[in-house]
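In: my questions concern the predicted model and sequence given below.
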Amino acid sequence: MPKAKGMIEVNQERCKGCGLCISVCPTKAIEFSDAFNSKGYHPAEAKYMDKCIACSFCYYICPDVCITVYREIESA
Amino acid sequence: MPKAKGMIEVNQERCKGCGLCISVCPTKAIEFSDAFNSKGYHPAEAKYMDKCIACSFCYYICPDVCITVYREIESA
Amino acid sequence: MTTRMIFAGFGGQGVMLMGQIISLAGMIEGKYVTWMPSYGPEMRGGTANCTVVLSDEEVASPVTDKAEVIVVMNIPSLVKFQTDVTPNGFLLINQSVIDRDADRSDIHVIKVPCNEVADELGNLKVANMVMLGAVIGGTDIISTDNLFKALEKKLSGGKSSLIEVNKKAITKGYEIGKMALAK
Amino acid sequence: MTTRMIFAGFGGQGVMLMGQIISLAGMIEGKYVTWMPSYGPEMRGGTANCTVVLSDEEVASPVTDKAEVIVVMNIPSLVKFQTDVTPNGFLLINQSVIDRDADRSDIHVIKVPCNEVADELGNLKVANMVMLGAVIGGTDIISTDNLFKALEKKLSGGKSSLIEVNKKAITKGYEIGKMALAK
Amino acid sequence: MAERVLVKGTEAIGEAAVRAGCRLFFGYPITPQNELPEYMSKRMPEVNGSFLQTESEVATINMVYGAACTGRRVMTSTSSPGFSLMQEGVSYMAGAQLPAVLVNVVRGGPGLGDIQPAQSDYWQATKGGGHGDYKLIVLAPSTLQEAVDLVSLAFDLADKYRNPVLILADGVIGQIMEPVTFPEFKDPNTLPKHDDWALQGAIGREKHVVTSFDIDPVVLEKMNLELVEKFKKIESTEKRWEEYKLDDADVVITAFGTIGRISKSVVTRARQEGIKVGLFRPITLWPFPYKRLEEIVKGKKLVLDVELNMGQMLEDVKLAVKDNAPVAFYKRMGGMVPTPEEILDVLKMELGR
Amino acid sequence: MAERVLVKGTEAIGEAAVRAGCRLFFGYPITPQNELPEYMSKRMPEVNGSFLQTESEVATINMVYGAACTGRRVMTSTSSPGFSLMQEGVSYMAGAQLPAVLVNVVRGGPGLGDIQPAQSDYWQATKGGGHGDYKLIVLAPSTLQEAVDLVSLAFDLADKYRNPVLILADGVIGQIMEPVTFPEFKDPNTLPKHDDWALQGAIGREKHVVTSFDIDPVVLEKMNLELVEKFKKIESTEKRWEEYKLDDADVVITAFGTIGRISKSVVTRARQEGIKVGLFRPITLWPFPYKRLEEIVKGKKLVLDVELNMGQMLEDVKLAVKDNAPVAFYKRMGGMVPTPEEILDVLKMELGR
Amino acid sequence: MAMQIIQKKPESLTEKEFTYCPGCTHGIAHRLVAEVLDELGVREKTITVGPVGCSVFAYQFFNTDATVAAHGRAPAVATGIKRARPDLCVFTYQGDGDLAAIGTAEIIHAANRGEKITTIFINNAIYGMTGGQMAPTTLLGMKTTTTPYGRNANNDGYPIHVSEMVKETKGVAFLARVKINTPQDVQKARKAIKKAFLAQLKGLGFGMVEVLSTCPTNWGLDPASALKWLDEHMVPEYPLGVFVDKVGEEQ
Amino acid sequence: MAMQIIQKKPESLTEKEFTYCPGCTHGIAHRLVAEVLDELGVREKTITVGPVGCSVFAYQFFNTDATVAAHGRAPAVATGIKRARPDLCVFTYQGDGDLAAIGTAEIIHAANRGEKITTIFINNAIYGMTGGQMAPTTLLGMKTTTTPYGRNANNDGYPIHVSEMVKETKGVAFLARVKINTPQDVQKARKAIKKAFLAQLKGLGFGMVEVLSTCPTNWGLDPASALKWLDEHMVPEYPLGVFVDKVGEEQ
Ligand SMILES: Cc1ncc(C[n+]2csc(CCOP(=O)(O)OP(=O)(O)O)c2C)c(N)n1
Ligand SMILES: Cc1ncc(C[n+]2csc(CCOP(=O)(O)OP(=O)(O)O)c2C)c(N)n1
Ligand code: SF4
Ligand code: SF4
Ligand code: SF4
Ligand code: SF4
Ligand code: SF4
Ligand code: SF4
Ligand SMILES: [Mg+2]
Ligand SMILES: [Mg+2]
């Protein structure tokens, strides 16, 4: 089975920089941003989206529901 | 084993005439008294003490701790 | 006029019901009435009792420590309540269970062999109705008619088969009450 | 004279401790002092702060909404508290985290690069002591000596090895505070 | 005219609730009010209502809280120790502005006390047994007919003000039988549904929240002030009391509930002996009719407050009377109930007769 | 002289209890008093005492009841909702005449409210939040030093009168740090053992019974009257209050606890502006110093009562003042605390300035 | 030949007559506890914590220092006493309304703490004291004054199994369910009660005995029939047994 | 080729940001409940009963009608709602202080009644909200602000096993213990939560899921280490599993 191609979006304002998404991403597609958000956290950043396989692990583990996961599909 | 010889005393003033001792006595040694006690109950009466085998069943089941059980022993 | 009544006995002797029926009869008769039970732990060895007040005016106090009519169904009740009858009042004693006399001479004492009469009627449970009959026979506080009506109301439904024997018990008691006074 | 101070920042920035040490120093200096924390659910995202009152007379109210000296360690605290500095009062800003200016011109604003200084001293955790030094440097409200005594008291026992670096941080901060005023 | 029936106090209250449209009852046994849950356990299934015997009074009041959240009429009943256990929940209900009718059939206290009639929960009822600033509307019946009528009123007031209403009865009211006339049945469907705040499922609308909580003291103060406004309104419009032969009276007896009733007969007897006595009987213990009492006592020889406690309403009486008349007090405690004769004797003694 | 130390209010209270010989603490976490059980969890093992975190406030107060039965000094602490849950147990303790020291660090209510300082449990504390006729001795500190001193006193009063004593604090007292001086340690072995009634095992003597219960109302009434006598005695001997600059005052501020302290500074500022203000601060909320206040207010222009509630002590103030002076009231609620300036403004407004 | 007393009222009971209904087995349970206190010689260091329920007068019956706890709170009161005086022997005596309804949290947490106290739990499937309302232990279908149509699981829930729950806590050192409706069972119950006290006295933890008991009055049965009813209806729902025994046989 | 959303914030959550500490798994549990409400299409008939605890703000997070129960009393409040409106879907969300300490009686009796409600029980072995005091579920030896020397069984009792106790009540239709510290476990937890709701919606009885959860703040660990700590310390004490399942596989 070829790996699915995926992508995530992080709601960086909502993010608290806990790093759990980073810790579970099997392809290391996520990293902390260098910038602060208005709460003062370094939010997660969807950095290497080419690596993303749409496994949703990051979504599953994110305690602040910051992540939206997309998967590439055959266009209809 | 020869049956033990026993005897009971009933505290008739304390007795509430529940009849439980009568119901468990294996030798039917106890009966209700015809008289009332001051609480208005027919108390249990140690009637046929010759039948008593000192099994203590009546003592065990009496909910009002009215019964004292004696057993005949070799005199010292 | 206000009549206070106390019905006292063992829990199983139906003293509460006696009070309720006479209260109901009082209501039917157009009087003001209250009924108040003694209440407590389900016990047992103490006496249960209820107080009934029948009056031509609103009943101020449903509780009382003196009464014009006191019914005692067992010995402890006799001991406890006989002093509470008001002078010239009535003390009704359940003779079947109470083998002693009252100490009062300033009151009317009516002895009723409740159990024996009930037994004759074939139902020991109506002993209390015998007493109730005696109460109205002795005191004329309520008409027999209204007592019957109250009884019917109370026993309507499942227990209506019992109405007849209860009425008979009341009638017998009534006669005893009347006769006692005649003496 | 009464000086009211507010220390505000994230929970982890040691603002409570700053307030406690300066209170202790005040007590050692013979002043009346109170320290009062903001308190709440352990949260997280809000600001934590404490209020210290140093006075020559009994402290009436440990709570206040205005203060002569306010220390803000993060942006939300700046936003929330800068308007509460009394005219001619002091606002101390943790420059390492707060990348913006205060809107007030009627007060003394002192910016302190707490983290950088602490980093230089090899222990990021003393950033708050840098700020504390700046506070007394800028306001002269307490003698450095008494602040050191307070520090020693607070860190006695297990943490006494940390006293030196904390003192250094205070000294550095003190200089920054003094210089800022000199400007 | 509706039929007069002879019923027990607890049952009178229960049936009155059913007729007021109450279809939810939660309760835990405690003497002297057991006949009320017992009645409801039988009656609720007959009217498609719900009766639940709970695991404790603490659970009870929180179930009442939950049921009230849905906007439906709900009742519970208990006696003194049980009501103490409900205090946290009562405070939550008042804070969340939930309507419900609570019944406390007071018995002798403090602690386990006994099970005889008493009035020693007056303070708890009127000053707030729970924490925080709130008030219960407190209604004190002195006859069963009044109990029946006040139960109806209680549900209406609870709905009107979104506030718990307490029926403060005592062992006498709970246990006696006397004739009453019940009102007609209200159709539960015609009652206020509280669609504007109740929890009923957020179908096609914004979610509703019912709570006594706000972490921000600025908001909580606003919520508090809203409550204070409500209480002021209730105070100005809902005071109820009975005046009996006060017009020409020299002496005012103040008494509530069962003692109020007994005191009527004291008035009658006193007047037979030529002493002009009248009775002032608060029906709403909160709001207490201070002003009216203040007017009444002016120029009286004596105010005699009689209670089954150590002098609880007495403080409210004094707040009303101030220095305008001498106030005497007679009490029985621990479940003892005085006779009219006894009270009359006290009255005569106080008057120096 | 003993050393002055800078401590948190909760810890000040805890350490004062330890020094008063208390070796038993039962508690359940609730803000804003968590630091007190936390302190005790550390401290008790150091002094061979016993700390237990309980499963709930209901359990807590009954454990306190049990421990008090043995005659040993015992303490618990909670905040408003928790104290509501304790009401049944408190009533039992008062009924059984058990000594113990209870602490309520009051927060905003009703219900869950918030966790900021409030004084809205005054009624609950002073009028009896639980059922039945009883009184707690209620002590309201306004500084930490006073809190320390009152804790000592509280244990002594509890033992002396066999009655629970309540320290009514608020979030400010609970949370602030200020310097205090602690008294010397009392040796628990020198404290009253209560051998005449405590449960210690019936070794060679008749059994002891501790209870609030008697099924016979005749006996219960006697028990009640005994309590009433005790309360009268406490009322006549244990009233405490502070008077501050009242001698020449035209205006009297009445306030307790934290607001009492804040009001001192109102007095100072007002006097700077030429307004002669004094402060009357009840320290025992029960027994309330009615008589002294009545004497003081005669001829004053104004009594301004200030509280963090909707007007609870206000009723007691009015009971004392009667018609002898106009009474004004200023409140903050929901956890808000007024500044001295704010109170001064109100005062000026009331005076028409 | 002479007559020797082999059974008589134990020393640990006072002279006070029990207030129970005729034939109510509360009295048997009382006597058993008193016998065990006598046997272990601990009367003078025992504190009785009575409940609210028909046994509210227990404080008068046991010849020990005693108190009455608020309804359901006896384990908390006992905990307070024991923490203050670990040298004393403390027991609670509680009904099924008291222990299994309002007192659920207190009994479970006392057990879970391994509180060194002993609990005698009288399960008679009814609220006796207050006039025969449903208890949590009331059997399905059973008519009580608050289940006039019979207990219905859908509305009223199921008979609760306290011992089975308590056995899931780790602080329990002895736990058994017994019955006292025959002389033989009474003797077995006594052994269990003794062990429940030994669990405490040996410092092993919490000890409890659930005693299946009768309530002739509220069951509407005569005393002897109540004994039979217990076997026929209660035992099938509440199987007897020893759930936990850390005391062992050596004594 | 186009991008399709496969995971996003469920409808049953409001826009309100969670008030939890960074990395606190309370948020995961919230999201799972919301997903299940979405999937079952019951948002508009659901009532959230929030607790007191860190999740006291749950009433703001779930996009349903909601209330906040007194500490520990959520099951009673939910019972009141459900009895008034059996057509609604009612759930409680409770911490281990809330449910396993002060609320012990309420949860056990709701379960025993087979109350048709659902309970999400967050076991994080600590009182989060009030600042890290011992919970009944705190592990032995664990230091908390009220067990400064580590939890000691002799004084403080044992970690309590709520699910094991609740399983002994007959009203339970679904009961499981899950954890949410890995993506895989999160998905399993979701299935359990769904069944706990189905137990209610199908009228089978009471449904509960005990969720082993982290408290990085009071455990003194960073969020990722807290996930590991959960596996290493909590799971051995609280074994995962399905204790009761009357819902079955068909859905
Ligand atoms: C807080 C409180 N609630 C209720 C009561 C009333 N009450 C007294 S005993 C009892 C139940 C007794 O039943 P149980 O515990 O089974 O004992 P039994 O009488 O059956 O032996 C109740 C509900 C009370 N005294 N206190
Ligand atoms: C009656 C009462 N007692 C105590 C409290 C204080 N309190 C609030 S939350 C809480 C415990 C929270 O712990 P838990 O339930 O485990 O939830 P968590 O914060 O860990 O999620 C306590 C004790 C309260 N609000 N009400
Ligand atoms: S979906 Fe999977 S691969 Fe993609 S970012 Fe998330 S965890 Fe990484
Ligand atoms: S898991 Fe969520 S909150 Fe944590 S860093 Fe990633 S996106 Fe941010
Ligand atoms: S001891 Fe045995 S034989 Fe003797 S009377 Fe009693 S039961 Fe009967
Ligand atoms: S068992 Fe006891 S109380 Fe019952 S009849 Fe026999 S002696 Fe009397
Ligand atoms: S009511 Fe039942 S339990 Fe109570 S004493 Fe009577 S028989 Fe025993
Ligand atoms: S304190 Fe613990 S449980 Fe509470 S939000 Fe923070 S991490 Fe979560
Ligand atoms: Mg029972
Ligand atoms: Mg927790």
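Out: Thanks, I have it. Note that the coordinates shown come from a computational prediction; the quantities given were computed from them, not determined experimentally. Ligands and ions are numbered 1, 2, ... in the order given.
In: quick one: low-confidence parts of chain C?
Out: Low-confidence regions of chain C, defined here as pLDDT under 70, cover residues C:40-46, C:183.
In: same check, this time on chain E
Out: Counting by pLDDT under 70, chain E has low-confidence residues at E:1.
In: need the pLDDT of the closest residue in space to G:Trp219 that isn't next to it in sequence.
Out: The shortest distance from G:Trp219 to any residue other than its chain neighbours is 5.6 Å, reached at G:Ala226 (Cβ to Cβ, 6 or more residues apart in numbering or on different chains). In this view, the C-beta of every residue, glycine as well, is placed from N, C-alpha and C. Among the per-residue scores, G:Ala226 holds a pLDDT of 98.
In: neighbours of G:Ala226, just the number please.
Out: 24 (other Cβ atoms under 10 Å in any protein chain shown).
In: hang on, isn't it packed against G:Leu212?
Out: No. Using Cβ atoms under 8 Å as the test, G:Ala226 is too far from G:Leu212 to be in contact (11.2 Å).
In: find residues that contact each of the two.
Out: Counting by Cβ atoms under 8 Å, 6 or more residues apart in numbering or on different chains, the common neighbours of G:Ala226 and G:Leu212 are G:Asn181.
In: which strands or helices does whichever strand or helix holds G:Thr67 pack on?
Out: Secondary structure here is read from DSSP states H and E; on that basis G:Thr67 sits in strand G:65-68. Helices and strands in packing contact with strand G:65-68 are listed as helix F:57-69, strand F:209-210, strand G:46-50, helix G:58-61; criterion 3 or more Cβ pairs under 8 Å, 6 or more residues apart in numbering or on different chains; DSSP states H and E.
In: apply 6 Å and report the result again.
Out: In this structure, strand G:65-68 makes packing contacts with strand G:46-50, judged by 3 or more Cβ pairs under 6 Å, 6 or more residues apart in numbering or on different chains; DSSP states H and E.
In: the strand it packs on close to chain C?
Out: No. Strand G:46-50 lies out of reach of chain C by Cβ under 6 Å from any Cβ of the partner chain, never closer than 13.3 Å.
In: partner strands of that strand, parallel or antiparallel?
Out: When pairing is defined by DSSP bridges, strand G:46-50 lines up against strand G:65-68 (parallel), strand G:89-95 (parallel).
In: report the angle between the next helix or strand after the shortest one and strand G:89-95.
Out: What that stands for is strand G:65-68. The first helix or strand that comes after strand G:65-68 along the chain, using DSSP H and E, is helix G:74-84. An angle of 170 degrees separates the directions of helix G:74-84 and strand G:89-95 when computed by axes from the mean of the first three to the mean of the last three Cα atoms, to 10 degrees.
In: for helix G:74-84, what is the average pLDDT?
Out: For helix G:74-84, mean pLDDT rounds to 98.
In: could you do stretch A:66-76 as well?
Out: Across stretch A:66-76, the average pLDDT comes to 87.
In: all strands for chain A, in order.
Out: Using DSSP state E, the strands assigned to chain A run over residues A:6-10, A:30-32, A:44-46, A:67-73.
In: residues in contact with the longest one?
Out: Right, strand A:67-73. For strand A:67-73, the surrounding residues in contact (Cβ atoms under 6 Å, 6 or more residues apart in numbering or on different chains) are A:4-10, A:54, A:56, A:58-59, H:1, H:3-8.
In: grab the longest helix from chain C for me.
Out: Longest among the helix segments of chain C by residue count, using DSSP state H, is helix C:163-182.
In: show me what that helix packs onto, helices and strands only.
Out: helix C:127-139, helix C:144-154.
In: any idea how far the residue minimising distance to the centre of chain C is from G:Ile107?
Out: Nearest residue to the geometric centre of chain C (Cα atoms, centre = their mean): C:Leu132, 4.5 Å. Relative to G:Ile107, C:Leu132 is positioned 48 Å away (Cβ to Cβ, to the nearest Å).
In: with adjacent residues omitted, what lies nearest to residue 20?
Out: Unless you meant another one, I'm taking chain A. Nearest non-adjacent residue to A:Leu20, counting by Cβ to Cβ, 6+ apart: A:Ile61, 4.7 Å away.
In: I was thinking of chain C, sorry if that wasn't clear
Out: C:Gln20's closest residue in space is C:Trp35 (Cβ to Cβ, 6+ apart), at 5.8 Å.
In: contact partners of the strand or helix carrying that neighbour?
Out: In this assignment (DSSP H and E), C:Trp35 forms part of strand C:32-37. When contacts are defined by Cβ under 6 Å, 6+ apart, strand C:32-37 is touched by residues C:16, C:19-20, C:23, C:26-27, C:50-55, C:58-59, C:62-63, E:175-178.
In: picking that back up, chain center to the longest helix of chain C: distance?
Out: Using Cα atoms, centre = their mean, to the nearest Å, we find the averaged C-alpha position of helix C:163-182 to lie 12 Å away from the chain's own average C-alpha position.
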